[in-house]
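> sequence and computational prediction follow.
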Number of protein chains: 4
Amino acid sequence: MAGSTFGTNFRITTWGESHGAGLGVVVDGCPAGLSLKETDIQTYLDRRKPGTSVYTTPRKEADCVQILSGVFEGKTTGTPISMMVSNTNEHSKDYEALRDLYRPGHADYTFDQKFGIRDHRGGGRSSGRETIGRVAGGAVAAKVLAECGITLLTYATQIGPVRINSDRFDRNEILSNPFCMPDAEAAKEAALYLDQCREEKDSAGGIIECVITGVPAGVGAPVFDKLDAKLAQAIFSIGAVKGFEVGDGFAVAGANGSSNNDAFIPDGESGQIKKETNHAGGILGGISDGSPIVFRAAIKPTPSIGREQKTVTRDGKATTISIAGRHDPIIVPRAVVVVECMAAVTILDLMMENLGSRLKNLKK
Amino acid sequence: MAGSTFGTNFRITTWGESHGAGLGVVVDGCPAGLSLKETDIQTYLDRRKPGTSVYTTPRKEADCVQILSGVFEGKTTGTPISMMVSNTNEHSKDYEALRDLYRPGHADYTFDQKFGIRDHRGGGRSSGRETIGRVAGGAVAAKVLAECGITLLTYATQIGPVRINSDRFDRNEILSNPFCMPDAEAAKEAALYLDQCREEKDSAGGIIECVITGVPAGVGAPVFDKLDAKLAQAIFSIGAVKGFEVGDGFAVAGANGSSNNDAFIPDGESGQIKKETNHAGGILGGISDGSPIVFRAAIKPTPSIGREQKTVTRDGKATTISIAGRHDPIIVPRAVVVVECMAAVTILDLMMENLGSRLKNLKK
Amino acid sequence: MAGSTFGTNFRITTWGESHGAGLGVVVDGCPAGLSLKETDIQTYLDRRKPGTSVYTTPRKEADCVQILSGVFEGKTTGTPISMMVSNTNEHSKDYEALRDLYRPGHADYTFDQKFGIRDHRGGGRSSGRETIGRVAGGAVAAKVLAECGITLLTYATQIGPVRINSDRFDRNEILSNPFCMPDAEAAKEAALYLDQCREEKDSAGGIIECVITGVPAGVGAPVFDKLDAKLAQAIFSIGAVKGFEVGDGFAVAGANGSSNNDAFIPDGESGQIKKETNHAGGILGGISDGSPIVFRAAIKPTPSIGREQKTVTRDGKATTISIAGRHDPIIVPRAVVVVECMAAVTILDLMMENLGSRLKNLKK
Amino acid sequence: MAGSTFGTNFRITTWGESHGAGLGVVVDGCPAGLSLKETDIQTYLDRRKPGTSVYTTPRKEADCVQILSGVFEGKTTGTPISMMVSNTNEHSKDYEALRDLYRPGHADYTFDQKFGIRDHRGGGRSSGRETIGRVAGGAVAAKVLAECGITLLTYATQIGPVRINSDRFDRNEILSNPFCMPDAEAAKEAALYLDQCREEKDSAGGIIECVITGVPAGVGAPVFDKLDAKLAQAIFSIGAVKGFEVGDGFAVAGANGSSNNDAFIPDGESGQIKKETNHAGGILGGISDGSPIVFRAAIKPTPSIGREQKTVTRDGKATTISIAGRHDPIIVPRAVVVVECMAAVTILDLMMENLGSRLKNLKK
């Protein structure tokens, strides 16, 4: 249970620190016969690339992925797909001052408590760069899902206190503004808010939403491996996530059964069944119901801030810290693709589990 | 990945339907040498027992647990602890009308889509009775944790729209009112609200909070098996949970780094380190930081309501349904102990993983 | 990794000791839609029943199985199948003398070293009765396999020094003689040999062979979860197994490539491919090749013998022991069905894994 | 269950084909604080290096390992250790003739049956080069074990029909002769036998034995994760292994309980307990008993031989094949270190599991 592997049938194992040789992932269990090339992966990695606006770290990270195994003549072979991104732009000395300090809001202290040793450079394994392996692995999963007619759409619904207005929802906006918000006006407001945060050497949080369409009804295992439970683990395993909800989420607490239940209705003359509403977010009893799967994640403000903060040294002495460095004033825009990729891995893993759910699937 | 097993080192496997012979759990990996008797388990099961107030189902469920293995002369032996509760009060015929109907908000439709067959009596495996195995297994975990100085306190902070006032927080109230609310006044308001729901043949949701004290710093694995990620899966695997958050949770979206970070400070002269605040809810980078672990779960309104709802038959014909039966107008009070038990299993499992985190632990 | 669960997609979790309330198994991941009733299981359990000849223990164990969950109106529902056999004929006091003694060849000493506590009655969890759960779970797997056209044939090829003559192989003999030998003459010789062992208060070992026909080519994962590697774990996890081999097994050490390789040949005009010989035992590179899968397991002599043996007390004092009790002079005949059942679980588990091996299987 | 991961607490995930960019392993769960450098790994990899005698393939494989993560300032940090060996000497065109042919004794046919696609160059994922990741991961495990006072000694006891004479056992010989035989005379005989095989364009098999000393009593889980069962999976997962046995192994079939049981005796005045003999090979009931752990693996003759063999094309047409290439006439000497490394991973994984076996270990 060493914790760097996720998934059972479709499985990713990530490795790497922000200041080592590189970071990567081994994807095991990918079905054979998928067309796959490095640009399929790079497209996803570029979405988490920093340096694209003033609201992300000015660090330049080329983050070029290499596929090292598992693909032969352009097709996956069913054997492990190993992918790697080399680290090229580390300024390890920038972090020397952190060797004996614990940054508030970071994992410095807890890593030391667990392991008795810590790579202090850039957060080591707890760095945001750890997500490179997740994104590379998720890009593969997303490509398999696309072949099955399943698509994921992910965006920010809130940046600091600024929320999108659903009446202005425009999916083309998502890749057009620096916040991945599907609402141009909200994005403008968010920019103003972030400018203020930066001026105050502070940082902001936000909320990411993901909508997955095309998942057939029947995916997810009934008890501990419910589709929403596995999504919860997947999304909560992303650093900085502090909340996760499906469908109406926390709002259900104040709702009534009569308003929260989604009525089943006939889908035209087809004999098929659909739901009239989707308060459930596409999941009933932990199993997909054929409606779009909808979930949200709350992302905390970047803990690295320029403002002076109280902290302690490794030996317990009080001190203060002002984190200069090259840090994102907000993580949300870069986390959008990470959320999408973890969701893709989860859905695919459970779709593969589902292949064995009926005897007739084995008999043919 | 059949989905009825949770945990790696401390592992529970549950089984059973609401209208079969019974329900149970196999606890594997429990450390040897723990004093354990049936009353240790029964105390927890009694907390989820229905029929204790007008706000829970009038079904009488004795739910007496039997320990079938793994305990010898009053001590755990390290081998699997099998526990079982027999079903005694099933009215299977009550459910005959549901054989070919899909209840809104329930898993009837999705089970049929996954398996092509469904035990329609009382929800079968998706019944709330499925949690009996979780509670029995969690009671064992909680007893191990208690031996390690770790305690869990769980209660409702919201029933429908009624929230507790933290100034009136009184832990003695939790077991005194029918809603497990640590605030007597809020409990009274909740009663009024629930009376109204019942009159309107409707149901209500709520929020459960859990605080775990005594967990040493260092528990949780850094990436996919983060303590909060595994808690998220554990809690979201409970039917009816639609949201999960740790520490400040969704509120972090609107916060700033300067207010959200918890400053580290020296703990007196001891050389120990503590945090000045606990916005993080006791977890940093997925690893416990020694502060209390705090999380909340949003519980949806009971989907079974007396009011008429639109639905479809198994073959896709429109119809209506009014669910008479013997159902809880609110699940929250009975779910409190389930949340606590799943948390206990998760914490213990990761504490056992943590034993191997340093070379020196292996060398002795 | 508590060790009482085997399999990933089709998964069995066993529990129980020889002198507790009973023993059982939870089968998780069984495909929905299989006809299953208690007699399907009982048939297998009866094959491991003692008291059927003078060569097995005279203990009477009714070993009636109950299905407690997972079957609805005669069909599996895809949810966990819990099965239990109650203990009815324990003579716990017979074992009182063993409380502070370590029996040679048994797990008494090692359980104490691992757990610091031990249920000394009848070996507790290390008793041969532990296999009841395996057999009940394997009977379910075997029924699924039968639906897929896969059959398992298991028998003894050697009892003590007596080996079967393959020219006399007669499968009808297997269930006709007390040793499950497919050779009536060898069985007679074995009886004479066993009579002598019993007279000398001694015990004997043997070899069990299993042939599995109908497994399609392509089952098994390439590296650590090779079909033969998982079979090796499954079979070696049965107490008393000290050797395992596939196809020509240990004889390959002295063979040459030219004689050991199986030539591929066209299968008539069909365009299909078959092998001319089957030295490989139906597995190439860890994946089934469509030929019968053939393996053997070496079973040690029953460690419980009436003859006086040297041993020590729990506190390290030298003493002697003569085990009276009601013990099998040979385990082999009763282990035959256990071997078959563990093989069935393994094959089915990997067949389910195999469903996800190609993209096209997911797309439909 | 994609099959490229082994172990639970200490876990290796391997990747790579013989003709891709390289091969590697991710080691997850390695305890923090171990001194580790590339030469620690290289020493083990060099033991599997070809080209060291006329009895191994003349291919030159530098096989230089790089540690890419998980080590900081010379110590393991508890995070994943990623290691990689680049492929440098591939002659992919040599294999063009094999694109549409199935080599007898190889996994070509079964990979095609499982995945519908196959990297035909050098066996792809089923190449012997796949073991590079196992050896690199096992070298780390062996270093942890060495810190705990545990050592592994592995050697060939049989090459073709030539067996070592235990009276001549000389451990210094193991690294001195090309067959890793601890008997100089047997090695000379083996050389003569291999010369003859090579002349006849044929190949030979053999037997490898491993002795592990220093493992404390109590390691191994009682049922499916018995120490010998996990070793069986680990060793049988190595390509070319067709048999596995522990202690007296297959010889127990003909033995009696009185001769096969190991008597317990007091270990001097110490109050400690030891065994008078070690027929059990250091494992009782699946748990280590403190004696040396002894097991053997049977290795089949290299399937690639120069002699003409019958086979079929991918579309089922009969043809013949003579494999020129650069192949080992015997795999045994290079497999010795692979066996040792898989054993090391298994032992360490179960030692880590064992940390949680008693309540008192958690309480401190």
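Happy to help now that I have it.
> all contacts plus neighbour counts: C-alpha atoms, from now on.
Noted.
> get me the contact residues on the stretch 51-200 of chain A for chain D.
Neighbours of chain D within the stretch 51-200 of chain A, by Cα under 8 Å from any Cα of the partner chain: A:68-70, A:72, A:77-82, A:115-119, A:125.
> now, of these, which are buried?
A:68-70, A:72, A:77-82, A:115-119, A:125 (16 or more other Cα atoms under 10 Å in any protein chain shown).
> below-threshold pLDDT in the stretch 1-150 of chain A: ranges please.
A:1, A:50-52, A:57-61, A:89-94 (pLDDT under 70).
> and chain C, which of the residues of the stretch 51-200 of chain A next to chain D contact it?
Checking these against chain C (Cα under 8 Å from any Cα), the matches are A:78-79.
> in strands, which of the residues of the stretch 51-200 of chain A next to chain D fall?
A:72, A:81-82 (DSSP state E).
> for stretch A:134-147, what is the distance to the chain centroid?
Remark: stretch A:134-147 is offset 12 Å from the chain centroid, using Cα atoms, centre = their mean, to the nearest Å.
> in it, what's buried?
For stretch A:134-147, using 16+ other Cα under 10 Å, the buried residues are A:134-145.
> who in the stretch 1-150 of chain A is up against chain B?
So the stretch 1-150 of chain A meets chain B at A:1-6, A:8-9, A:102, A:104-107, A:109-116, A:125-126 (Cα under 8 Å from any Cα).
> now with 6 Å?
Counting by Cα under 6 Å from any Cα of the partner chain, the stretch 1-150 of chain A comes close to chain B at A:3-4, A:104-105, A:107, A:110, A:113-115.
> helix/strand/coil for residue A:315?
Assigned by DSSP: H, G, I helix; E, B strand; the rest coil, the conformation of residue A:315 is coil.
> determine which two of the residues of the stretch 51-200 of chain A next to chain D are furthest apart.
Longest distance between any two of those is 42.6 Å, between A:72 and A:116; criterion Cα to Cα.
> relative to residue A:16, how far out is residue A:46?
From residue A:46 over to residue A:16 the distance is 18 Å, taken as Cα to Cα, to the nearest Å.
> more neighbours: which of the two?
The neighbour count for residue A:46 versus residue A:16, taken as other Cα atoms under 10 Å in any protein chain shown, is higher for residue A:16 (33 against 17).
> give the bridge partners for the more buried one, please.
On the basis of DSSP bridges, residue A:16 is bridged to residue A:23.
> against residue A:328, how distant is it?
20 Å.
> likewise residue A:363?
Residue A:363 is 54 Å from residue A:328, by Cα to Cα.
> tell me which of these two has more neighbours.
A direct count of neighbours by other Cα under 10 Å for residue A:363 and residue A:328 places residue A:328 higher, at 26 against 12.
> could you say which helix or strand holds that one?
In this assignment (DSSP states H and E), residue A:328 forms part of neither any helix nor any strand.
> per-residue confidence at it?
Note for residue A:328: predicted pLDDT of 80.
> do I have it right that it meets residue A:54?
No - applying Cα atoms under 6 Å, one finds residue A:328 not in contact with residue A:54, separated by 8.7 Å.
> give me the nearest residue to residue A:21, chain neighbours excluded.
residue D:68 (5.1 Å; Cα to Cα, 6 or more residues apart in numbering or on different chains).
> residues contacting residue A:292?
A:212-213, A:282 (Cα atoms under 6 Å, 6 or more residues apart in numbering or on different chains).
> helix/strand/coil for residue A:152?
Applying three-state DSSP: residue A:152 is strand.
> neighbours around it, how many?
Residue A:152, neighbours per other Cα under 10 Å, totals 19.
> and it, how far is that from chain B?
20 Å (Cα to the nearest Cα, to the nearest Å).
> shouldn't that residue be in contact with residue A:214?
No - the pair residue A:152 / residue A:214 is not scored as a contact, 9.1 Å apart, by Cα under 6 Å.
> which residues of chain A fall in helices?
Assigned by DSSP state H, chain A shows helices spanning A:38-47, A:108-115, A:131-147, A:184-199, A:227-236, A:257-260, A:332-354, A:359-363.
> touching chain B at all, the last one?
Same thing as helix A:359-363. No - against chain B, helix A:359-363 shows no contacts by Cα under 6 Å from any Cα, the least distance being 9.0 Å.
> quick one: buried residues of that helix?
Buried-residue list, helix A:359-363, by 16+ other Cα under 10 Å: A:359, A:362.
> quick check: closest non-adjacent residue to residue A:276.
Per Cα to Cα, 6+ apart, closest to residue A:276 is residue A:263, 5.5 Å.
> neighbours of the one you found, how many?
Counted with other Cα under 10 Å, residue A:263 comes out at 21.
> would you mind measuring from it to residue A:277?
In terms of Cα to Cα, residue A:263 sits 7 Å off from residue A:277.
> next up, the contacts around residue A:313.
By Cα under 6 Å, 6+ apart, the neighbours of residue A:313 are A:100-101.
> beta partners of it?
With DSSP bridges as the rule, residue A:313 is bridged to residue A:101.
> who in chain A is up against chain C?
Counting by Cα under 6 Å from any Cα, chain A sits next to chain C at A:31-33, A:148, A:352, A:356-359, A:363.
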